[in-house]
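Colleague: I need the structure of the sequence given here:
(one chain, ligands or ions: 1)
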Amino acid sequence: MEAFSPYFLSLLVLLLPLSIYLLLFIRKTGITESRKTLPPGSNGWPMLGENMAFAFSGPHKFVEDRMRKYSPHVFRTSLLGEKNISIFCGAQGNKFIYTNEQKLLTSWWPQSMKKALLFSESVQSNTNIGISALKRSLHREIFKPEAFKRYIPAMDALARDHLDHHWIPNSTVEIFHMSKKYTFELACRLFMSVVDPVQINKLSDPFTFVTDGMLSMPVNLPGTAYNHAIEKGETVKREVVNIVTKRRNELMMNKETEGRDLLSTMLLATDEDGRFLSETEVSNIIIGYLAASFLTTSSAVSVVMNYLAELPHVYEKVLKEQTEIAKSKKPDELLTWEDIEKMKYSWNVACESFRLMPPAQGAFRETTKEFTYAGFTIPKGSKILWTVHSTHKNPEYFPEPEKFDPTRFEGSGPAPYTYVPFGGGPRMCPGVEYARLEVLVFVHNVVTRFKLEKAIPNEKVVIHASAIPAHGLPVHLHPRDK
Ligand code: HEM
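Modeller: A predicted model of the protein is given here:
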């Protein structure tokens, strides 16, 4: 005991201050309190987080496995360089997020994504109250569902032209490549009246690198997908700001007083003090819309085509609906809003395609207050993700979830907060109507002109930022008699 005492005493002398320091630190940071109650889960490997697991297993399995392992309501992970992201799950989780916008949550996108896409100086202008209000009111104006109705003839004309030039001369086409071409060209035309194919390619080629890399691991080293996204993002920004500046000069020369497209509408709008948006502010909005619509709508068109090529009984029913519409029109007469309203079965087919192969995977939020959810603490300033993967294939909400069954969308359709390809609540995708029109117009043109046969019968569709056919979905075309 005597031999033990000095040793014990010196240990006490060493440990006591350390324990007091730890206690004070813990009390100050509240670390035990939040650790104890943070949602269960793992931040994975240092630096890498759980990105590898997410990439290897795919988002659906990643979410499903962790719901089983940790909690069906919410679990914690680390993705895209962000630790302690809480993934909210199930219809209840979606409902919580969609109904607490502004009260507890605000939108958040990874810094890496903003860096690749936007002019940073104009991201900061979001703190200017007048300019923020102007952006919000422009956004409401641009995304009024009625505003999109006038796009239908232009969408139809471009779809016809696209099939004449890129499908008719070929016996086999790669659908994903074609749908990217069609959707990007359409967006350039409708948003900025850019129709010159050379100018469109100058934008679309680098844009593909940006969308491929902006949601990858944010490692900016030569050769990484993120590095490509940053580099090509500079080209995109330069091209878009040139288009914006040219249009501003035209407007200043009084060539135009009314908005002929989204771009002019934005350049002509002023805030309460008569201030216009700067060229980089307008460029950021346009690039944001291009980014939000490009991969999502090209994936949407591709996954619908995938099922039309794969399921003859579905194709035949869609063809019947579309042929009746085509027969009610003169050969050169373009589609109208009334025609779109008749495409009910075709839209149900698209909805079922998006359930099984979602064009977008979910969205982030940042918490503005600390709160408790399902018994766990969600700290202020932490990141949250809602995802389509906790409900779309959940047999509780969709019996026989792997079965392709468009009748799920008949009548009142799926239960609230279970079918969420476009999100829900005040932040629900404002482009949903644009996407619906674009997909239906394309389906009309394709099925009335071609029968499709998959060139790779069991081609997989991989789901990362969007659902993408592994080999681009090559199909053999069998032209129909007109
Ligand atoms: C099939 C195609 C599309 C899908 C599946 C889709 C899906 C989504 C989703 C899931 C969100 C996030 C909602 C949230 O934060 O909870 C979103 C946001 C957004 N989408 Fe779409 N989208 C599509 C097409 C489009 C198109 C064509 C446009 C523009 C013309 C567009 C513009 C936007 C914008 C501006 C936002 C951000 C809204 C905000 O933060 O308030 N989207 N979209």
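Colleague: report the longest helix in the chain, please.
Modeller: In the chain, with assignment by DSSP state H, the single longest helix is helix 279-310.
Colleague: state the mean pLDDT of that helix.
Modeller: Across helix 279-310, pLDDT averages out at 96.
Colleague: and it, how far out from the chain's middle?
Modeller: Relative to its parent chain, helix 279-310 has a centroid offset of 8 Å by CA atoms, centre = their mean, to the nearest Å.
Colleague: cool, stretch 68-79 as well?
Modeller: Here stretch 68-79 is found 22 Å from its chain centre; the criterion is CA atoms, centre = their mean.
Colleague: do stretch 197-211 as well
Modeller: 19 Å.
Colleague: could you look up the next helix or strand downstream of the longest helix of the chain?
Modeller: Moving toward the C-terminus from helix 279-310, the next helix or strand (DSSP states H and E) is helix 312-327.
Colleague: and that following helix, C-alpha only, in CSV?
Modeller: C-alpha atoms of helix 312-327 as CSV (Å, rounded to 0.1, in the frame of the first residue of the first chain):
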residue,chain,number,x,y,z
PRO,A,312,-44.8,-4.0,-75.0
HIS,A,313,-48.1,-4.1,-73.2
VAL,A,314,-47.4,-0.6,-71.7
TYR,A,315,-46.1,0.7,-75.1
GLU,A,316,-49.3,-0.5,-76.8
LYS,A,317,-51.5,1.3,-74.3
VAL,A,318,-49.5,4.5,-74.6
LEU,A,319,-49.5,4.2,-78.4
LYS,A,320,-53.3,3.9,-78.4
GLU,A,321,-53.7,7.0,-76.3
GLN,A,322,-51.2,9.0,-78.4
THR,A,323,-52.6,7.8,-81.7
GLU,A,324,-56.1,9.0,-80.8
ILE,A,325,-54.6,12.5,-80.1
ALA,A,326,-52.6,12.5,-83.3
LYS,A,327,-55.7,11.5,-85.3
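Colleague: where does the chain come near the ligand, residue by residue?
Modeller: Proximity of the chain to the ligand (CB under 6 Å from any ligand atom) is limited to residues 107, 289, 292-293, 296-297, 300, 359-360, 363, 421-423, 427, 429-431, 434-435. C-beta here means a position set from N, CA and C on the backbone, and glycine is covered the same way.
Colleague: number of nearby residues for the nearest residue to residue 410 once chain neighbours are set aside?
Modeller: Counting by CB to CB, 6 or more residues apart in numbering, residue 348 is the residue found nearest to residue 410 once chain neighbours are left out, at 6.7 Å. Neighbours of residue 348 under the rule other CB atoms under 10 Å: 20.
Colleague: next structured bit after the helix or strand residue 348 falls within?
Modeller: Element membership for residue 348 (DSSP H and E) is helix 344-356. Counting by DSSP H and E, the next helix or strand C-terminal to helix 344-356 is strand 362-367.
Colleague: quick one: average pLDDT of the helix or strand following that following strand?
Modeller: Using DSSP H and E, the helix or strand that directly follows strand 362-367 along the chain is strand 371-373. The pLDDT scores in strand 371-373 average 96.
Colleague: give me the residue from the stretch 1-150 of the chain nearest the ligand.
Modeller: Here the stretch 1-150 of the chain gets closest to the ligand at one residue, residue 107, 4.8 Å apart by CB to the nearest ligand atom.
Colleague: and the chain, by the same measure?
Modeller: residue 431 (2.1 Å).
Colleague: could you list the low-pLDDT ranges of the stretch 151-300 of the chain?
Modeller: For the stretch 151-300 of the chain, residues meeting the criterion pLDDT under 70 lie at 255-259.
Colleague: if we can go back for a sec, buried stuff in the longest helix of the chain?
Modeller: For helix 279-310, a neighbour-count test (16 or more other CB atoms under 10 Å) marks 279-287, 289-310 as buried.
Colleague: stretch 381-395 too?
Modeller: Under the neighbour-count criterion of 16+ other CB under 10 Å, stretch 381-395 has 382-394 buried.
Colleague: any chance of those in a markdown table, with pLDDT and secondary structure too?
Modeller: Shown next, in a markdown table, are those (pLDDT from 0 to 100; DSSP: H, G, I helix; E, B strand; the rest coil):
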| residue | pLDDT | secondary structure |
| --- | --- | --- |
| 382 | 96 | coil |
| 383 | 97 | strand |
| 384 | 97 | strand |
| 385 | 97 | strand |
| 386 | 98 | strand |
| 387 | 97 | strand |
| 388 | 98 | helix |
| 389 | 97 | helix |
| 390 | 97 | helix |
| 391 | 98 | coil |
| 392 | 98 | coil |
| 393 | 97 | coil |
| 394 | 96 | coil |
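Colleague: farthest pair within the residues you listed?
Modeller: Pairwise distances across those (CB to CB) peak at 27.1 Å, for the pair 382 and 393.
Colleague: could you measure the residue nearest to the spatial centre of the chain against residue 70, distance?
Modeller: With distances taken as CA atoms, centre = their mean, the residue of the chain nearest its centroid is residue 360 (4.1 Å). From residue 360 across to residue 70, the span is 24 Å (CB to CB, to the nearest Å).
Colleague: show the contacting residues for the nearest residue to residue 98 once chain neighbours are set aside.
Modeller: Take residue 98 and drop its neighbours on the chain: the residue closest to it by CB to CB, 6+ apart is residue 425, 2.9 Å away. Contacts for residue 425 (CB atoms under 8 Å, 6 or more residues apart in numbering) come out as 97, 98, 99, 101.
Colleague: could you do residue 163 as well?
Modeller: So residue 163 contacts 445, 446, 449, 450 (CB under 8 Å, 6+ apart).
Colleague: what residues of the strand or helix carrying the second one count as buried?
Modeller: Same thing as residue 446. In the assignment (DSSP H and E), residue 446 maps to helix 432-449. For helix 432-449, a neighbour-count test (16+ other CB under 10 Å) marks 433-449 as buried.
Colleague: wait, residue 110 sits on residue 218?
Modeller: Yes - at 7.1 Å, residue 110 and residue 218 qualify as touching, with contact defined as CB atoms under 8 Å.
Colleague: show me what residue 376 bridges to in the sheet.
Modeller: For residue 376, the beta-bridge partners are residue 373 (DSSP bridges).
Colleague: just to revisit the earlier point, separation between the residue nearest to residue 98 and residue 365?
Modeller: 11 Å.
Colleague: now do the shared contacts for the two.
Modeller: 97, 101.
Colleague: and the strands in the stretch 101-250 of the chain?
Modeller: With strands called from DSSP state E, counting those that start in this stretch, the stretch 101-250 of the chain shows them at 105-107, 172-174.
Colleague: just name the most buried of these.
Modeller: Ranked by mean neighbour count, the strands of the stretch 101-250 of the chain are led by strand 172-174 with a mean of 17 (mean count of other CB atoms under 10 Å).
Colleague: how about the helices in the stretch 51-200 of the chain?
Modeller: Under the criterion DSSP state H, counting those that start in this stretch, helices of the stretch 51-200 of the chain are mapped to 51-69, 90-99, 111-117, 120-124, 129-142, 145-149, 152-162, 175-192, 197-213.
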